[in-house]
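Student: Sequence plus predicted model, see below.
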Amino acid sequence: MRSLKQFLVCQIMFALVGAQGMAKDTITLVAAGDVEWSGARVALDSSLVLYDDGGKTMLEGGWQPVPRYFAADKFPQYLEQGNPLLAEYFASLEVEYGAKMSAISTVYQDQTLYQFDYDNDIEWATHPFEKIAPLYSQADIAFINLESPLSDDAYQVGVFRTPTVFTKGMTYAGVDVAALANNHMLDAERAGLFDTMAALDAAGIAYVGAGENLAAARQPKVIERKGIKVAFLAYTQYENSGPGAFANPSRAGVAPLDPDLIKADIEAAKEIADHVVLSFHWDIYHFDVSKQQDLHPDAVTFARDIIDAGADVILGHGPHLPRAIEVYNGKPIFYSMGHLFFSINLPHWMDNYVPRVEFSKNAIESLEIIPVAGTGRGLGQPYPLTGKRAKAALDNLQGLSEELGTKIAIRGDRGFLSTP
């Protein structure tokens, strides 16, 4: 028989919970956009190319054709879409702006390479995480987009290659899962991709969006906390090495942003997990810096279609700037989170944000937006913003998101989104 004390405790608990029932077990996901830390180990050299190709393959508005596979004799193959005829587009831009393309495409001018001093490799690897690590370590699951291969000796054909000791920084911060589906993952060829996967495996960090073949690149990683299972998948719209960088049934590579594949993968993931979180590297920047936060309507159509297919969260990155947030049918679409940190900076880059998503077994319980530093040296060691700067970042996000029907409630230094 229960004691009077036990009875009173139970009555108090029921009174606190009320009609909503007993308190739910919940877990939190903290996610961030692009993470790249290779350039910080390179001496500043005017002959060194530090970034992409200066925007010369970008399309107006930042939306490129999605890569698609198709069934031919029951064998999936890559269907090359090809780029539009850019000459006409460049000519129209020159007429519109009254200047040559060399003057119009100023996206990469005046870039800054950080010069930090480190006593050892561990200090180098942990440096960018130091001020943001508490935010990550307090979460049940921490996600990043790893926009550089991790390799010590693979031949470098692109602009990024990060030493494998960088995993020490990732584990220091408590990173649980990294997306590899992005435009730089083959910057050190396939050898660099294999080195990346091996380094993450050795560090106990899950990865998604790349693999030794297409099936592996599409394989979800399920992380379970408190009995709640969250499946992660990752895809990219483009890779700097070209269409051959996409995985196929007999070739290693990254997972393509093919809606048919994504929908099939969501259906399979929902069989083994309570929630499905997708990472999209997509919809890159406009030539005109002033328009780089604009959201292409095709991206909205694409994302909503994927939510309708059963995805619970879309984590977007690629534009290097924050873009709108949408809560569509109760599910968040973060069109671009911007950066977490980068080893270089550009004058038009700005403060970014980190979303915190709270899951229960059957629902998304809350959505929080945490603005983080992204200008100047702050991008080399980001930290949660406070005061006027936090409000400015949140006001910017609110302005971008209004036309999608998203309302961000600003309380203190955080933003909050309602989930029906």
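Tutor: It's in. Residues are numbered from 1 along each chain as shown.

Student: all strands of the stretch 201-350 of the chain, in order?
Tutor: Applying DSSP state E, counting those that start in this stretch to the stretch 201-350 of the chain gives strands spanning 206-208, 210-211, 221-225, 228-236, 253-254, 275-281, 313-317, 325-328, 331-334, 339-341, 344-345.

Student: Quick check: which of those strands is nearest to Glu368?
Tutor: Proximity to Glu368, assessed across those by Cβ to Cβ, is greatest for strand 331-334 (10.6 Å). Backbone N, C-alpha and C define where each C-beta goes, glycine included.

Student: Quick one: mean pLDDT over stretch 279-286.
Tutor: Here stretch 279-286 scores 80 as its mean pLDDT.

Student: does Leu367 really touch Lys331, like I thought?
Tutor: No: checked against Cβ atoms under 8 Å, the pair Leu367 and Lys331 is beyond contact range at 9.8 Å.

Student: just to revisit the earlier point, determine which of the strands of the stretch 201-350 of the chain approaches Gln156 most closely.
Tutor: Per Cβ to Cβ, nearest to Gln156 of the strands of the stretch 201-350 of the chain: strand 344-345, 16.0 Å.

Student: Quick one: end-to-end length of stretch 196-209, please.
Tutor: With Cα to Cα, to the nearest Å as the measure, stretch 196-209 spans 12 Å from end to end.

Student: quick one, helices of the stretch 301-420 of the chain?
Tutor: 387-401 (DSSP state H, counting those that start in this stretch).

Student: burial count for Ala199?
Tutor: Neighbour count for Ala199, taken as other Cβ atoms under 10 Å: 22.

Student: now it, what's its secondary structure?
Tutor: helix (DSSP: H, G, I helix; E, B strand; the rest coil).

Student: On the three-state scheme, the closest residue to it other than its chain neighbours is what?
Tutor: Excluding its sequence neighbours, the residue lying closest to Ala199 (Cβ to Cβ, 6 or more residues apart in numbering) is Thr164, at 4.1 Å. Of the three states, Thr164 takes coil under three-state DSSP.

Student: Helices of the stretch 51-200 of the chain, residue ranges please.
Tutor: Going by DSSP H, counting those that start in this stretch, the stretch 51-200 of the chain shows helices at 86-97, 101-104, 121-126, 133-137, 166-173, 189-203.

Student: Remind me what the fifth one packs against, helices and strands.
Tutor: Which is helix 166-173. helix 121-126, helix 133-137, helix 189-203 (3 or more Cβ pairs under 8 Å, 6 or more residues apart in numbering; DSSP states H and E).

Student: For Arg414, find the nearest of the ones you listed.
Tutor: That would be, of the helices and strands packed on helix 166-173 and by Cβ to Cβ, helix 133-137, which comes in at 11.4 Å.

Student: Okay, buried residues for that closest one please.
Tutor: Residues of helix 133-137 classed as buried: Ala133, Leu135, Tyr136 (neighbour count, 16 or more other Cβ atoms under 10 Å).

Student: Pick out whichever of those sits closest to Leu400.
Tutor: Using Cβ to Cβ, the buried residues of helix 133-137 come closest to Leu400 at Leu135, 22.5 Å.

Student: so what's that closest one up against?
Tutor: The contact partners of Leu135, taken as Cβ atoms under 8 Å, 6 or more residues apart in numbering, are Val30, Val354, Ile370, Pro384.

Student: mind listing what the first one touches?
Tutor: Read that as Val30. Applying Cβ under 8 Å, 6+ apart, the residues near Val30 are Leu135, Tyr136, Gln138, Ala139, Ile141, Ala142, Phe143, Val354, Pro355, Arg356.

Student: one more time with 10 Å, if that's ok
Tutor: Contact partners of Val30, counting by Cβ atoms under 10 Å, 6 or more residues apart in numbering, are 132, 135-144, 174-176, 354-357, 368, 370.

Student: Nearest spatial neighbour of it, chain-adjacent residues omitted?
Tutor: Ala139 (3.8 Å).

Student: can you check the second one too?
Tutor: In space, and not counting its chain neighbours, Val354 is closest to Ile370: 4.6 Å by Cβ to Cβ, 6+ apart.

Student: and that neighbour, how many neighbours does it have?
Tutor: 21.

Student: Now do it, the pLDDT please.
Tutor: 98.

Student: Arg304 too?
Tutor: pLDDT, Arg304: 98.

Student: The residue nearest to Ala199 and Ile307: what is the separation?
Tutor: In this view, Thr164 and Ile307 are 36 Å apart by Cβ to Cβ, to the nearest Å.

Student: Please apply the same query to Gly169.
Tutor: Going from Gly169 to Ile307 by Cβ to Cβ gives 33 Å.

Student: If I follow the layout properly, Gln292 ends up in contact with Trp349?
Tutor: Yes: here Gln292 reaches Trp349: they are 9.4 Å apart, a contact under Cβ atoms under 10 Å.

Student: shared neighbours of those two, which are they?
Tutor: Joint contacts of Gln292 and Trp349 (Cβ under 10 Å, 6+ apart) are His320, Leu321.

Student: mind showing which ranges of the stretch 201-350 of the chain have poor pLDDT?
Tutor: For the stretch 201-350 of the chain, the stretches flagged by pLDDT under 70 are 284-287.

Student: again, only this time at 90
Tutor: Applying pLDDT under 90 to the stretch 201-350 of the chain picks out residues 238-244, 283-292, 294-298, 319, 343-348.

Student: picking up where we left off before, enumerate every residue touching the residue nearest to Val30.
Tutor: Ile27, Thr28, Leu29, Val30, Ala31, Gly174, Asp176, Arg225, Val354, Arg356, Val357, Glu358.

Student: Next, give me the two most distant ones among those.
Tutor: Longest span within those, Cβ to Cβ: Arg225 and Val354, 18.4 Å.

Student: These two - which one has more neighbours?
Tutor: Val354 (25 against 17).

Student: you'd agree the more buried one is up against Leu367?
Tutor: No: contact criterion Cβ under 10 Å: Val354 and Leu367 do not qualify, at 11.8 Å.

Student: Would you mind listing the residues touching both of those two?
Tutor: Going by Cβ under 10 Å, 6+ apart, residues that sit against Val354 and also against Leu367 are Phe334.

Student: circling back to that earlier point, got the contact list for the residue nearest to Val354?
Tutor: So Ile370 contacts 30, 32, 132, 135, 352-356, 384-385, 390, 393-394, 413-415 (Cβ under 10 Å, 6+ apart).

Student: What of Ile306?
Tutor: So Ile306 contacts 235, 257, 259, 262-263, 266, 276, 278, 280, 314, 328, 331, 333 (Cβ under 10 Å, 6+ apart).
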